[in-house]
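Visitor: Sequence first, then the predicted structure:
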Amino acid sequence: MKSLAFYNNKGGVGKTTSVINIAYQLALADNKVLVVDLDGQGNASRFFTDSPKDGLAQALTKPVVTPDVARCETRYPNIDIITSTQELNNISSQFEQFPADRRSQIAKKIVGYNDEPWYAADYDYVLVDLPPALNCLTESIISACDYVFVPIELGLFAIQGIPNVTGIISSCGTKFGGCFVNKFDRENPADLGLFELLKTTLGDKTMQNYLPFSRVIKNSISFRMTASEYMEWTFAAECCKKLTQEIIEICGG
C-alpha cells in the first residue's frame, strides 16, 4: 500500500478535483483506493457519497475511536472514502496539545489502514486530501504518508511560494513526489513561460503531465462525475490518465 498526500498551502489550486480524478483512474486500473478527506469543507466527501459520516474528528482526538467509523463505500466498487465534516475545522488546537509521539500514532492510524486490525482487505493506494492550512495536524499527516504531491495553479506568486511548500515537506521527512500544474492553458504564452519558470525552480520535481484549463473538468464535477466519465474521448480525460500513470511510476507502482 502507498499513501499519497495532496497538499498546497494555497487554496483554490484544484486539489480536491485532482484527487477525485486520480482516485478514479487508479481504480480503473484495478487498484483498491481509499480517499481520506481531511478538509473540513468536505467537497470530496460530497462528491463520493450522499451520506457522509461523522467521526473522523473523534478518531483524530480520541485513541479508542477508529477512522473506520467515518468510512463509506462509494458508487465506485474500488473506491472507499473516510468522510469529513465541519468538526475537523475545530480540532487543530486540541490535536496540537498532544505529545509528538501521540500525534504520530494518530496520523499513522488514519493513513495506515492495511496495518490496522479493524480492516482485513488491502488498499493499494490511500489518497489524502489535505486542507490548505499549515498546523500540527497537517504536518503529522504528511509525515505519516509515503509521498506528497503538490498541485499548483500557475502564477508568479504561486511559484515563488513553492519553496515554502517543499520546505514543509522536507521538514516532515516525507518523499516529495512532485509538483503538477492544474488549470494549465497551453494556448496562453504566459502559462507556457510560467511552466518553464516552475521547471527552473523545481527541476525534475516538476511533473511532466498536468491537468488542463478545461470546461470538461469543471462541468464534470458539477454533475458529480469524473472527467473520464463525463467525456472520455477528450484531451482533459486523457490528461487525467497520463498524470495518474506518472504518479504510479513515481511511486514505483
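Guide: Perfect, I can see it now. Numbering: from 1, shown residues only.

Visitor: what does the least confident helix or strand in the chain by mean pLDDT contact?
Guide: When the helices and strands of the chain are scored by mean pLDDT, DSSP states H and E, helix 92-96 comes last with a mean of 87. Contacts with helix 92-96, where a contact means Cβ atoms under 8 Å, 6 or more residues apart in numbering, come from 60-61, 103, 106, 133, 135-137, 140. No exception for glycine: its C-beta is placed from N, CA and C like everyone else's.

Visitor: Could you do stretch 180-196 as well?
Guide: Taking Cβ under 8 Å, 6+ apart as the rule, stretch 180-196 contacts 13-15, 17-18, 149-156, 159, 198, 206-207, 209-213, 243, 246.

Visitor: let's see 7 Å
Guide: 13-14, 18, 149, 151-155, 159, 207, 209-213, 243 (Cβ atoms under 7 Å, 6 or more residues apart in numbering).

Visitor: Sort out which of those residues are buried, if you could.
Guide: 13-14, 18, 149, 151-154, 159, 207, 209-213, 243 (16 or more other Cβ atoms under 10 Å).

Visitor: Pick the one among the residues you listed closest to Ile91.
Guide: Nearest to Ile91 out of the buried ones among the contacts of stretch 180-196 is Val13 (Cβ to Cβ; 23.8 Å).

Visitor: what ranges do the strands span in the protein?
Guide: 2-6, 33-37, 71-73, 79-82, 125-129, 147-153, 175-182 (DSSP state E).

Visitor: What residues of the least confident helix or strand of the chain count as buried?
Guide: Here helix 92-96 shows 92, 95 as buried, counting by 16+ other Cβ under 10 Å.

Visitor: With just CA atoms, put that helix into PDB.
Guide: Coordinates of each C-alpha in helix 92-96 appear next as PDB, following Å, rounded to 0.1, in the frame of the first residue of the first chain:
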ATOM      1  CA  SER A  92      -6.400  21.600  15.400                       C
ATOM      2  CA  SER A  93      -5.700  23.300  18.700                       C
ATOM      3  CA  GLN A  94      -6.700  20.200  20.600                       C
ATOM      4  CA  PHE A  95      -4.500  18.000  18.400                       C
ATOM      5  CA  GLU A  96      -1.600  20.300  18.800                       C
END
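
Visitor: can you tell which of the strands of the chain is closest to Phe235?
Guide: That would be strand 175-182 among the strands of the chain, by Cβ to Cβ, at 14.6 Å.

Visitor: now that closest one: how far from the chain's centre is it?
Guide: Offset of strand 175-182 from its chain centre (Cα atoms, centre = their mean, to the nearest Å): 11 Å.

Visitor: now that strand: mean pLDDT?
Guide: For strand 175-182, mean pLDDT rounds to 96.

Visitor: again, but for stretch 142-154
Guide: 96.

Visitor: Please name the residues that touch Leu243.
Guide: So Leu243 contacts 22, 180, 209-211 (Cβ under 7 Å, 6+ apart).

Visitor: residues touching the nearest residue in space to Ala158 that is not next to it in sequence, list them.
Guide: In this structure, Ala158 finds its nearest non-sequential neighbour in Ile152, 5.5 Å apart by Cβ to Cβ, 6 or more residues apart in numbering. Contact analysis of Ile152 by Cβ under 7 Å, 6+ apart lists 8, 13, 158, 162, 179, 181-182.

Visitor: how much space between Leu202 and Pro212?
Guide: Separation of Leu202 from Pro212 (Cβ to Cβ, to the nearest Å): 20 Å.

Visitor: Lys199 too?
Guide: 17 Å.
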